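[1] What follows is a predicted structure for the sequence shown.
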Amino acid sequence: MAVMSKSASEAGVQASRNTISGDNMTNQVMGFATPKDSVIAVSANQSNISVPAITYRNQRVITTEHLALGYGTLPIRIQQNHIRNESRFIEGKHYFRVTGDELKSFRLSFSESVNKHTSVLILWTERGASRHAKMLETDQAWDFYEELEEHYFRKREPQGVPVIPNFSDPAQAARAWADEFEARQRAEAVTHQQAEYIDQLENLFIDGLTPVQFCKRLNGVNISKVNAWLKSANWLYDDNPDGKTAHWRVRSYARDKYLTEKTSKIMPNESVSFTSFQPILLRSGAVWLYRKYLQRCLPMKQTWNGEFTHDKALAAGGDHE
């Protein structure tokens, strides 16, 4: 995953007007912003897709066409899923609707990202892209969304080139020293947080845990909803949809990547036997779940006090289930 500078003809991005901050030049079109001539190469189905880095109202967004291309479907399918599930998409949360003068301004900078006959442009946020991945429910859609989540939606615009202070000026020299000290403290704090994060995972994760057992060790998680939530994340499916009790199996998307399966032969009596399957969490799956936990994305109890699991709490007990 990398941000690549290309010519406007290669990237299909044309600047309408530029604002300069230091040596950093950025396209600013009403609510839109993107680094000049910047696209991001996102891996999909063993190939790279060049996605224009579009920021709208301080959020990274993506067009229907590029979302469809990465998900391995047609734009009309994305549009149909939106229309058929309109109540599940909230404007300003899952998507933005661009029309009128704002759309005209958008065309000036992103001429190849929108059809010239389009009167309404839909731009999808990270949550909107996630909804569409769930609706398509294909491995390619989930793989591409995961790449977008990690490398596109979380990407930060490049900062301007730092200005070297005038050290002959005592005030500037003092400010530069203070800035460097603060930056070092922030870096040390991040390093400390990363170390704590690793320590917590070491305490939390044990080989052989099911997702539910792992989530039992996370303060506030509603474990009765964990498997259903993992179904929506394309990790699990119910092999007994018409029965009273769900029989959870691992989907191919998550198999050997986040989860594995433990098989057991059950013999209620001598003449009857069947095989049961139990999803088992891999370390990479625990890392993913724990990150979602810290992002408050897991199903949480209504009585949750807002505190996350920490080392002191872990020391209290090690029951798995």
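    Cool, got the structure. Numbers count the residues shown, from 1 in each chain.
[2] Low-confidence regions, the chain specifically.
    1-39, 41, 43-47, 109-116, 155-169, 172-173, 175-177, 179-181, 183-203, 310-321 (pLDDT under 70).
[3] Please, where are all the strands along the chain?
    2-5, 18-21, 24-29, 32-35, 38-44, 47-52, 54-56, 59-63, 95-99, 120-124, 236-238, 248-250, 259-269, 272-281 (DSSP state E).
[4] Would you map the helices across the chain?
    Counting by DSSP state H, the chain has helices at residues 8-11, 64-71, 75-84, 100-109, 126-136, 139-147, 170-204, 211-215, 226-232, 283-294, 311-314.
[5] Tell me how many other residues crowd residue 242.
    The tally of other residues near residue 242 (other CB atoms under 10 Å) stands at 5. All C-beta atoms are positioned from the backbone trio N, CA, C, and that covers glycine.
[6] Ramachandran angles for it?
    phi -100, psi 0 (degrees, to the nearest 10).
[7] Do I have it right that residue 260 meets residue 249?
    No: between residue 260 and residue 249 no contact is recorded; they are 11.6 Å apart, counting by CB atoms under 8 Å.
[8] okay, and the common contacts of these two?
    residue 279 (CB atoms under 8 Å, 6 or more residues apart in numbering).
[9] How is the chain divided into domains?
    As assigned by the TED database, the chain contains the domains 54-153, 203-295.
[10] Could you tell me the end-to-end distance of the longest one?
    Yep, that's domain 54-153 we're talking about. End-to-end distance of domain 54-153 (CA to CA, to the nearest Å): 10 Å.
[11] In the sheet, which residues pair with residue 279? Tell me.
    Applying DSSP bridges to residue 279 yields these beta-bridge partners: residue 261.
[12] Tell me which residues touch it, please.
    210-211, 227, 235-236, 248-250, 259-261.
[13] Could you check how far it is from residue 306?
    Distance from residue 279 to residue 306, counting by CB to CB, to the nearest Å: 29 Å.
[14] for residue 206, same thing?
    Distance from residue 206 to residue 306, by CB to CB: 26 Å.
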